[in-house]
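*Asks:* using only what follows, build the 3D model:
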Amino acid sequence: MPYIPQEDREDIDIIVDVNAYHLKCNGHLNYFICKLFLKLMRINGGIRYNKAKEFIGELECAKLEIYRKFISPYEDKKEAENGKLE
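*Replies:* A predicted model of the protein is given here:
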């Protein structure tokens, strides 16, 4: 869940602001995520199954949170505008 304390968000928000303009969703974001994974593994002693599993879990939870908070309400809005799928 991404609801970390406010004071922990400040440094991360700066990183997001700086990088958001450089990352396109046609491979650039994927590259960034893979490089981040490799960097995190290196600074934590190399690739270890449990650390990789935690990273993948974070990605999965982020995916679900994006869908739950942003995509699902959008789909509900479109369904209301255009009718239910029957």
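*Asks:* burial count for Ala20?
*Replies:* Per other Cβ atoms under 10 Å, the neighbour tally for Ala20 reads 9. Every C-beta, even on glycine, is put in place using the N, C-alpha and C of the backbone.
*Asks:* what's the distance between it and Glu7?
*Replies:* 21 Å (Cβ to Cβ, to the nearest Å).
*Asks:* mind listing the helices for the chain?
*Replies:* Under the criterion DSSP state H, the chain carries helices at the ranges 6-20, 28-43, 49-66, 72-82.
*Asks:* in the second one, what counts as buried?
*Replies:* Of the residues in helix 28-43, Phe37 count as buried by neighbour count, 16 or more other Cβ atoms under 10 Å.
*Asks:* likewise for the third one?
*Replies:* Along helix 49-66, these residues count as buried under the neighbour rule (16+ other Cβ under 10 Å): Phe55.
*Asks:* pLDDT of that helix, averaged?
*Replies:* Averaging pLDDT along helix 49-66 gives 97.
*Asks:* cool, and the last one?
*Replies:* Per-residue pLDDT values across helix 72-82 average out to 97.
*Asks:* what residues does it touch?
*Replies:* Leu85 (Cβ atoms under 8 Å, 6 or more residues apart in numbering).
*Asks:* could you find the closest non-adjacent residue to the most centrally placed residue in the chain?
*Replies:* Centroid-nearest residue in the chain, with Cα atoms, centre = their mean: Ala62, separated by 4.5 Å. Once flanking residues are discounted, Ala62 sits nearest to Pro2: 7.0 Å by Cβ to Cβ, 6 or more residues apart in numbering.
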